[in-house]
Structure formats: structure tokens, C-alpha cells
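In: this one's sequence-less:
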């Protein structure tokens, strides 16, 4: 199990818990909770694999990922009262998930020999698309397109990744620094209510 | 034409009629009815093929399927008054469709050498995804995530399939029994209002 | 750069501007505008590529397309006040886009050796799907399924394409005539409020 697989697994744990909590909040039944957790954790990677032409898509041949998601759902069940009390838990896991998945998507784009622009886009898709589907399925408008530095954090992290690479930083360092950048930028953005420029006079 | 193709065709008929009736209920125009019938019948199989990496996806090289759907739409047109009077017709065709498609999806997963878990998931996707898209397009919230034993019937049918296989039952018997199980479980579930456990105290 | 690539590029320009204007109307932030422009311009082609099994999907290896979209967004920014004053601009670019993309989709289906029916469907998907996603993301119900000759124009153009081919018209003429047919039919349909037959007695 190499470094990128460890990151992928940690991202899966973060997103599966985030998805299970969102479904729990909406009072879905047991099946609904499992589905939402699964889609949140595997949705971004699935779209990435489909776009890249990786087939069968990775979760189909990776039972570790499937079992991880099921265990996370179970853990969320057991600790749900405690997890929900900590109001910021969902946001926290979601943010860690996007940081980790951005790096995984980036890495797969580079392996496929794609342009840095496209690699960053793939990082973004891997990180954000699961959350978008989760929001649509539990009937919340995805905030990603409206008022939040969300994908922008992934893009900034992707930029940092390529800058570090240019200076030939060691691979593991590059991964860790750019992943953490995504997490920190997103947290600061929410804390200080950063917004993207909007080209309107009002 | 082998056994699995016959089942696939019957499932297509059931779902195309179910889709055409749903579109008819919503008073869509002729094009809208054809699209909804097509998406309901071919949507699940399309997602399954994309996830498995079968390309072009099967309906593209299977004109029989395309003609079958168009004929079903025509038949639904002609008999729509009668079909709509029988209130339960839509539910009936929908249920037969999920039974048949579950088996088709299972079979394709096994052929691709995937884990039984993943095969059952593929059966579920083949059976349920067309209906989910249909519901979204005609602007009904997909009931699948909320209050209905729907996907659960597919999962149970998938379990029965693998149990029969373990006991080395003949292939055709295995297909028929597990397909019928899905149909019967779903019908009983609706009749007796079975629900999945929901982990809430209210 | 051959003829079909030129058409593809022109379609991309038309759809990117159409998408950017729609996002601008909804007062999305800078990132939101870029995403909607991108999805509108590349969404139909992406689904077409996925269904055909072209991978990675074409925009991933075609940086010209990516840069074209970014330039279009910038141009739309600068001229947005003027573009929005011309009320029909959005409709105009959208219509040109569907004309051009229909032909591109048709051509790719023929290259893949598919049945004319399927080729027309691919033309339709290439032309219409980006707009459908755009409508869903900016929270407008896609009109395509309800009251508009939209996809029907693509289908008619596809029919004309195959008729011209049967009479062995030169390839470029065939492209241009069928593309323009789509545009003209759509414009006439909106002007004279053509509707598809609806099989209801009211």
C-alpha cells in the first residue's frame, strides 16, 4: 500500500462519515444512509475514472474501499449522537476529504500525462463532485456554485502542488503540503467569509 | 438469442411502458414521452456499461432494443386510456422491470469477474437507476431514498442468486428464482408497507 | 485543423458565451460563471465521448477547447452589458451552438460505424445535453422536455444529413446544409410557436 493509497483511504473515511452524517440529519432509512455515504465517498472518484477511461471504475475492484465505507457508516451510527452534538464535525470531515481527494485526482491526471490545467480540474472533480451529488440527493442546493470558497481551495492547492513540483520538492512533501493547503484555505475562507469577486455593480 | 437476452428484452418492454405511462401522466409532448420511455428503459444499463467500461454502451449497437422501446411507446399511446384506468399498471410494469434487470446486471458483473458485493450493486444500479432518472425528469422526488423497499428487493434477490449458485442450482433456475424473488419481495413490501429500520428515536 | 474541428470550435464559442450569459444573469461568482460556461460548452461532447467510449474525453487532451472557453468567458465579461441589452443574444448563440454540435455528434457516430438512428441520437445528445446541465445548475427547469422544438430541430437536421448523404452530396455541403437546417428550424419554431403533437384530449 503506497502513499497515495493511504491518502485515498483517509479521504474515503472523511467523506463517508460526512455523507452518513448528512443522510442522518435528513432522517433517511438505513439503505439511504449507506447510499449517501457511498456516493459522497466514491462519487468524485467515479466521475474522474469515467472521464479518464479507467474501467471498471476503481471502487468496483477495490473491496477495501467498499468495506471502509460500510465500517464508517457503522461507526457514524454508533457515535451519531456525539458527532452531531459537535456542530462543526460535518464541515470538518468534508474539508479534510476535499484536501485529500484533490491530491489523489491531481496525481492520477499526472500519471495519465495530462496538462497541469486538466490535472487541477481532475483534482477538483475528485474532491467536489461527491459532495455535489450528496447535496442534490438530500435535496440541498449545492453551495459550490454560489457563495463559497470550495472548489477555489482545490484549485489553489493544485497550483501549490505544481509550484512545489517545479522546485523539485520531494513527492511526499509535495502531496502533504498541497493537501494541507486546500484544508487550510477552505477553513480560513469559511472563518473569514472570503468570497470570490462577482462582476456586478448591484 | 440466449436466455439473458430474452430477460433483458422483457425488462426493456416493462420499463419502456412504465416510462411512457409516467410521461403520459405528466402530459409531455410526443418527443418527451419517447425520451422518458427510452431513459427509463436504457438508463440503468447505460450507467452499468459506463461503470464497467463497456463501450459503446449496449443500446448503441443493439437496434432491437431501440425498436422495442419505440414499439412500446406506440402501444402505450394506443392503449393509454385502458392502461391508465388500471391504476396499478405502472407499478406492476415497474416491478417486473426491476426484477428482470437485477438479474441482467448481476450476470454482467459475474462475467466481468467482480466481487459478489459489486455484482449485487450492479444489479441494483441496472434495475433502479432508470427509474431514478425518470422520476427526476418528470419532477418527482425519487422515492428510492426515502420510504420504500425498492433497492432492498434487488439486494435480497441478489443474495438469493448467490446462495442458489453456491448450491449449484442450474443457471436458468437461478435466474428465474432470483428475478421472481425481487418482484415478490417488492410487491409484498408495498402491500404490507414494510420499511427499513430507521435509526432515530423521534 | 480540418473542417469538423472548425465547426466544433465555433460551436464551443457559441455555447461558452451562452453559458456565461446564463450564469451572469443568475449573478454567480467568477468561478460559477467559468464552470457554467465550461459545462454548457463541453457537457454534451463529454456525455457523447463517455457513451462512445472515447477516453480520456476530448476536452482533457484538447487545450485549445479549454482556452477557447476561458477567452469566451473573458469576452462575455467585458461586453456583458452590451450582450445582455440585446435580449435575443443568449437564444441566438444557443441556437447556433446546437446546429454546429449536432453535426459534430453525427459525424462521430458515423466514424464509429453506428446505425443512422444512433448517429442522430448522438448529434442530439452533443447538442442538447450541455444546455440541459446548464439549466439544471442555474436552477431552471430544462424546457427541452416540455414545450419547445429543440431536440426535434436536431433530429430533423440529422434526417436531412442522411438524405443528402444518400444522394452523395459533397461532405462539406452536407455538413453546412444540415447544420443550418437545425438553426433555421429552431428559429422558425420559436418565431411561429410550433409545437409537437400532444396525445391528450384535455
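Out: Looks like it arrived, so ask away. Computed from a predicted model, the values in this text were never measured in an experiment.

In: any low-confidence regions in chain A?
Out: The model of chain A has pLDDT under 70 over residues A:1, A:84-89, A:139-148, A:198-202.

In: which residue would be the closest one in it to chain C?
Out: Nearest residue of chain A to chain C, counting by Cβ to the nearest Cβ: residue A:53, 2.2 Å away. The way it works is simple: take the backbone N, C-alpha and C, and place the C-beta from them, glycine included.

In: give me the neighbour count for the closest residue to that residue other than its chain neighbours.
Out: Nearest residue to residue A:53 in three dimensions, chain neighbours excluded: residue C:55, at 2.2 Å (Cβ to Cβ, 6 or more residues apart in numbering or on different chains). Here the number of neighbours of residue C:55 (other Cβ atoms under 10 Å in any protein chain shown) works out to 20.

In: check contacts around residue C:55.
Out: Counting by Cβ atoms under 8 Å, 6 or more residues apart in numbering or on different chains, residue C:55 makes contact with A:51, A:52, A:53, C:49.

In: what number of residues lie near residue A:6?
Out: Residue A:6: 11 neighbours (other Cβ under 10 Å).

In: same deal with residue A:159?
Out: 14.

In: ok, residue A:180 to chain B distance?
Out: Separation of residue A:180 from chain B (Cβ to the nearest Cβ, to the nearest Å) stands at 32 Å.

In: again, but for residue A:186
Out: As for residue A:186, its distance to chain B is 28 Å (criterion: Cβ to the nearest Cβ).

In: which helix or strand contains the closest residue to chain B within chain A?
Out: Nearest residue of chain A to chain B, counting by Cβ to the nearest Cβ: residue A:55, 2.2 Å away. Assigned by DSSP states H and E, residue A:55 falls within no helix or strand.

In: with residue A:113 instead?
Out: Counting by DSSP H and E, residue A:113 is found in no helix or strand.

In: what values do phi and psi take at the residue of chain A closest to chain B?
Out: Dihedral angles phi and psi of residue A:55 (degrees, to the nearest 10) take the values phi -150, psi 150.

In: tell me which parts of chain A are close to chain B?
Out: For chain A, the residues found near chain B under the criterion Cβ under 8 Å from any Cβ of the partner chain are A:24, A:27-33, A:35-36, A:46, A:50, A:53-57, A:59-61, A:63, A:66, A:77, A:80, A:137, A:139.

In: selecting buried members of the residues you listed in PyMOL, what would you type?
Out: Those of these that count as buried under 16 or more other Cβ atoms under 10 Å in any protein chain shown are selected in PyMOL with:
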select buried, chain A and resi 24+28+29+30+31+32+33+35+36+46+50+53+54+55+56+57+59+60+66+80+137
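
In: so what's residue A:90 up against?
Out: A:18, A:21, A:22, A:25.

In: no, scratch that, I was asking about residue A:43
Out: Contacts of residue A:43 by Cβ under 8 Å, 6+ apart are A:129, A:130, A:132, A:133, A:134.

In: can you pick the most crowded of those residues?
Out: Busiest of these [other Cβ under 10 Å] is residue A:130, holding 30 neighbours.

In: sec struct for that residue, please.
Out: What DSSP: H, G, I helix; E, B strand; the rest coil gives for residue A:130 is helix.

In: the nearest residue in space to it that is not next to it in sequence: which element?
Out: Nearest-residue entry for residue A:130: residue A:43, 3.6 Å, with adjacent residues in sequence omitted and distances by Cβ to Cβ, 6+ apart. Secondary structure from DSSP H and E places residue A:43 in helix A:30-52.
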